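Novice: only the shape, not the letters, is given here:
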DNA sequence: ACACGGACCTGAAGGC
DNA sequence: TGCCTTCAGGTCCGTG
């Protein structure tokens, strides 16, 4: 194919970017970023939620991505310069990858679109474009060794898909919390990566009411309660299934399958609870300014 | 770091 | 048809 031919792949989820969506973005970017060098960086609009750091493009150019990781909802690219590129998708962030033939002297073309804020031209031949209409996203550069102390990571809760995350860990972070279970689950300081959607979903699968005080799942006499175990299993289940669903090849023409089909409770107000023999109807309430969906019959 | 509510931002959706 | 309002939510920040 001609050197200017390009193939565009959009990496955007149909739901908001919580842990599973960010993980799938990471998996898509990993092959074209890891081991590749930034040949050219263009920041069209550096006023995202947090303004870009000084000399952003210059500091990136020429550096190699050693590793592309994820922590909570953050993408973390460790660079050969001992700096780390931190990326957050906010609510509406997405990436596009334009490929061209390896060794081409031309950058992939791929037309610019509204709300394209950052473009990475990688030595892998990929042109990676960050698009974010709402501009709640973030890009930052931090000295790698300072990362754990960075304001973003310093108080970030445990990784829910890590092996170490168990009922004891959950009980510990929930201990003494006077707030509701729903508010606690979507608090990044309690657990990293759960957002409004998967917090509702996890509580449904754990059969726990979003209105419960968070501290009620904590330990009693040093033994994690059954509720903590159930909640850990439910969190793992909803996150893992969403990661797998997102990794599945799209197509079939139903890419826009609505939330009512993908979720158990989220955006299903007024519809029947899916649990067998449960006659409940999904209810929507507002907690800390955000929608919560739950079954008032089987979540107690 | 104790908890909550408002602000930020834009596109989609609903009302009249 | 078209204009206007409302809603969505991740995170930060100010306030109680």
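Specialist: Perfect, I can see it now. Quick caveat, the model's predicted, so the values are computed rather than measured.
Novice: only C-alpha atoms from now on, for both contacts and neighbour counts.
Specialist: Noted.
Novice: so what secondary structure elements neighbour the host helix or strand of residue A:232?
Specialist: Assessed by DSSP states H and E, residue A:232 sits inside helix A:226-247. If you count contacts as 3 or more Cα pairs under 8 Å, 6 or more residues apart in numbering; DSSP states H and E, helix A:226-247 packs onto helix A:19-33, helix A:167-174, helix A:196-206.
Novice: up against DNA strand B, what does chain A have?
Specialist: A:133-136, A:176-180, A:183, A:287-289 (Cα under 7 Å from any atom of the strand).
Novice: can you list contacts of the helix or strand hosting residue A:182?
Specialist: Using DSSP H and E, residue A:182 falls within helix A:181-185. Identification of contacts with helix A:181-185 by Cα atoms under 8 Å, 6 or more residues apart in numbering yields A:174, A:177, A:190-191, A:194-195, A:199-200, A:203, A:209-215, A:287-288, A:292.
Novice: show me where the stretch 151-300 of chain A dips below the pLDDT cut-off.
Specialist: A:219-224, A:248-260 (pLDDT under 70).
Novice: near residue A:279, how many other residues are there?
Specialist: Counted with other Cα atoms under 10 Å, residues neighbouring residue A:279 total 13.
Novice: ok, residue A:191 next?
Specialist: Neighbours of residue A:191 (other Cα under 10 Å): 22.
Novice: so who does it touch?
Specialist: Counting by Cα under 8 Å, 6+ apart, residue A:191 has contacts A:156-160, A:185.
Novice: do residue A:8 as well
Specialist: Residue A:8 sits in contact with A:96-99, A:110, where contact means Cα under 8 Å, 6+ apart.
Novice: let's go with 7 Å and repeat that
Specialist: A:96-99 (Cα atoms under 7 Å, 6 or more residues apart in numbering).
Novice: out of the residues you listed, grab the one that's most surrounded.
Specialist: residue A:97 (25 neighbours).
Novice: now the closest residue to it other than its chain neighbours, what's its secondary structure?
Specialist: Spatial nearest neighbour of residue A:97, chain neighbours left out: residue A:128 (4.7 Å); criterion: Cα to Cα, 6 or more residues apart in numbering. Here residue A:128 takes the strand state, with states given by DSSP: H, G, I helix; E, B strand; the rest coil.
Novice: between the helices and strands packed on helix A:226-247, which one is closest to DNA strand C.
Specialist: helix A:196-206 (3.9 Å; Cα to the nearest atom of the strand).
Novice: what lies in contact with that closest one?
Specialist: Outside helix A:196-206, the residues touching it (Cα under 7 Å, 6+ apart) are A:182, A:185-186, A:209-210, A:230-231, A:234-235, A:238, A:264-266, A:292-294, A:299.
Novice: if you set the cut-off to 8 Å instead, what comes out?
Specialist: By Cα under 8 Å, 6+ apart, helix A:196-206 touches A:18, A:182, A:185-186, A:209-210, A:227, A:230-231, A:233-235, A:237-239, A:263-266, A:290-295, A:299.
Novice: who's in contact with residue A:212?
Specialist: A:180-181, A:300.
Novice: identify the bridge partners of residue A:284.
Specialist: residue A:293 (DSSP bridges).
Novice: er, residue A:67 actually
Specialist: Where residue A:67 sits in a bridge, its partners, by DSSP bridges, are residue A:78.
Novice: again with residue A:119
Specialist: Those that pair with residue A:119 in a beta bridge, by DSSP bridges, are residue A:42, residue A:129.
Novice: okay, it: pLDDT?
Specialist: Residue A:119 is assigned 95 on the pLDDT scale.
Novice: show me what contacts it?
Specialist: A:41-44, A:127-130.
Novice: fine by me, thanks again.
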